[in-house]
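Visitor: got a predicted structure plus its sequence, pasted below:
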Number of protein chains: 2
Amino acid sequence: MKDQKEIIRETNEKKIIQAAEQVFARFGFKGATTEMIARKAGLPKSNLHYYFKTKLQLYRVVLERILIEWMDAAEVFDQYQDPKTALTHYVEAKMQFSRNRPLASKVWANEILHGATVAGDFLRTEFKNWFEDKKQIVENWVQEGRIKPVDPYVLFYMIWSVTQHYADFENQIEILNNDEPYNEDEYQQKTDDVVNMILTSVRV
Amino acid sequence: MKDQKEIIRETNEKKIIQAAEQVFARFGFKGATTEMIARKAGLPKSNLHYYFKTKLQLYRVVLERILIEWMDAAEVFDQYQDPKTALTHYVEAKMQFSRNRPLASKVWANEILHGATVAGDFLRTEFKNWFEDKKQIVENWVQEGRIKPVDPYVLFYMIWSVTQHYADFENQIEILNNDEPYNEDEYQQKTDDVVNMILTSVRV
DNA sequence: GTCTATACGTTGATAGAC
DNA sequence: GTCTATCAACGTATAGAC
């Protein structure tokens, strides 16, 4: 049974983490201030420091949550044996992630861009394992002649970069779209086009 | 004829701009300190402020130079009428840019990621004009049946994101490559693969 | 044009009353 | 668990001697 304090702690931590993600996405780690995060969470700054000792610790928590979401979204890749189906669902999931969680994508992009100092451990362990596994699947597809011969690295980097571009560069995209954000239908259309081009690029 | 002071000014400004690009790429605008930039340029901090009144002004200069380089590298697109040749040279130029100027790419990515507050003007004018022009070329190719029907936006975002990924996410790439940077041959191989996949995706 | 010293604002973090 | 007051550190920018 959760007691009163525990509930308060959980709700406040959640509010802080959500606010932190917004501020980190917009201003980066150094550019974000604990004051901005606290205000967005509706708490005084000292309360934030009560729940998270340091800004770095809060940042770690935010990143960790993003990684978990990222891995969850990637599971869809394993659920289909057919290359076309697996790739279609995977690319669609990535495009949806960019649509629903652009802030998460931006925080991640910012982290890698500036040296992956915090995410480095995760990349070298869990992430690398995940990737080696997927790489093997793609290599099998190639050997079985089910897709055109492609370097798995090049394929995955293409999928990641293209899909994440719709989140990380949304400001640029919006400007080129006459300062209009995509509506649901338009975004679905882009998603279909991206899926189609990637499938075509491996000839499935 | 340039006098002594002018020469000193030019060399020092150049040193500062180059140092600034490195520091902005690594730490972002807010994360970069004028002290770090000055030290890397081999000057006292007050000298930096003598040449560039504010950090923001220095940042603007750095960004502007990057944009000029970017546009220069893009000119290759206009020099060929054949879709296959034009796309090949363009993608190769972009891949070379990521290889030779990863810092420039990162500064740009960081700028867009965090709201394009400084580059917004450029994007809405010069950049948009440039893009509208290229968009028309691609649409013509489609109408003439020389490439598969594709949304020009989706095609360009694919080219930009994939090529820039090799600069902006190089930390992640290096980790997945067992903490080894790509050598020249490997990078050339990736370049060929990227070109090939993009050409295939539009069926030329 | 160069450099030391410094003013001034901002920010991460804490103390201590409630 | 909350909040006001406060501090120490840092970072931008400038003054003024050389």
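Guide: Received it, and whenever you're ready, just let me know what you need.
Visitor: roughly how far is the helix or strand where residue A:133 lies from the heart of the chain?
Guide: Secondary structure assigned from DSSP states H and E places residue A:133 in helix A:128-143. Chain-centre distance of helix A:128-143: 21 Å, with Cα atoms, centre = their mean, to the nearest Å.
Visitor: tell me if it is near chain B.
Guide: Yes - looking at helix A:128-143 against chain B by Cβ under 8 Å from any Cβ of the partner chain, the contacts come from A:128, A:131. Using the backbone N, CA and C atoms, a C-beta is placed for each residue, glycine as well.
Visitor: that helix - contacts with which helices or strands?
Guide: helix A:152-168, helix B:170-176 (3 or more Cβ pairs under 8 Å, 6 or more residues apart in numbering or on different chains; DSSP states H and E).
Visitor: got the CA positions of it in PDB?
Guide: Below are the C-alpha coordinates for helix A:128-143, written out as PDB (Å, rounded to 0.1, in the frame of the first residue of the first chain):
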ATOM      1  CA  LYS A 128      25.200  -2.600 -29.100                       C
ATOM      2  CA  ASN A 129      23.700  -6.000 -28.200                       C
ATOM      3  CA  TRP A 130      20.400  -4.900 -29.600                       C
ATOM      4  CA  PHE A 131      22.000  -3.800 -32.800                       C
ATOM      5  CA  GLU A 132      24.200  -6.900 -33.300                       C
ATOM      6  CA  ASP A 133      21.100  -9.000 -33.100                       C
ATOM      7  CA  LYS A 134      19.300  -6.900 -35.700                       C
ATOM      8  CA  LYS A 135      22.400  -6.800 -37.900                       C
ATOM      9  CA  GLN A 136      22.300 -10.600 -38.000                       C
ATOM     10  CA  ILE A 137      18.700 -10.700 -39.100                       C
ATOM     11  CA  VAL A 138      19.400  -8.300 -42.000                       C
ATOM     12  CA  GLU A 139      22.500 -10.300 -43.000                       C
ATOM     13  CA  ASN A 140      20.400 -13.400 -43.100                       C
ATOM     14  CA  TRP A 141      17.800 -11.700 -45.300                       C
ATOM     15  CA  VAL A 142      20.600 -10.800 -47.700                       C
ATOM     16  CA  GLN A 143      22.100 -14.300 -47.800                       C
END
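Visitor: name the residues that touch stretch A:151-161?
Guide: Applying Cβ atoms under 8 Å, 6 or more residues apart in numbering or on different chains, the contact partners of stretch A:151-161 are A:87, A:90-91, A:94, A:131, A:134-135, A:138-139, A:198, A:201-202, B:158, B:161-162, B:164-166, B:169, B:173, B:176-177, B:189-190, B:193-194, B:197.
Visitor: pLDDT weak spots in chain A?
Guide: A:1-2 (pLDDT under 70).
Visitor: got the domain boundaries for it?
Guide: Chain A breaks down by automatic domain parsing into domains covering A:1-53, A:66-201.
Visitor: how long is the last one from one end to the other?
Guide: The first and final residues of domain A:66-201 sit 29 Å from each other (Cα to Cα, to the nearest Å).
Visitor: that one and DNA strand C in contact?
Guide: No - contact of domain A:66-201 with DNA strand C is not found when judged by Cβ under 7 Å from any atom of the strand; the minimum separation is 14.1 Å.
Visitor: touching DNA strand D at all, that domain?
Guide: No - Domain A:66-201 does not reach DNA strand D (Cβ under 7 Å from any atom of the strand); its nearest approach is 14.6 Å.
Visitor: the shortest one now?
Guide: Yes - with Cβ under 7 Å from any atom of the strand as the measure, domain A:1-53 is seen reaching DNA strand D through A:5-6, A:8-9, A:12, A:43-47, A:50.
Visitor: filter those down to the ones in helices?
Guide: The members of the residues of domain A:1-53 next to DNA strand D that map onto helices under DSSP state H are A:5-6, A:8-9, A:12, A:45-47, A:50.
Visitor: spatially central, which residue of chain A would that be?
Guide: In chain A, the centroid-proximal residue (Cα atoms, centre = their mean) is residue A:105; its distance is 3.8 Å.
Visitor: how many other residues sit next to the nearest residue to that one once chain neighbours are set aside?
Guide: Sequence neighbours aside, residue A:167 is the residue nearest to residue A:105 in space, at 3.6 Å (criterion: Cβ to Cβ, 6 or more residues apart in numbering or on different chains). A total of 24 residues lie near residue A:167 under the criterion other Cβ atoms under 10 Å in any protein chain shown.
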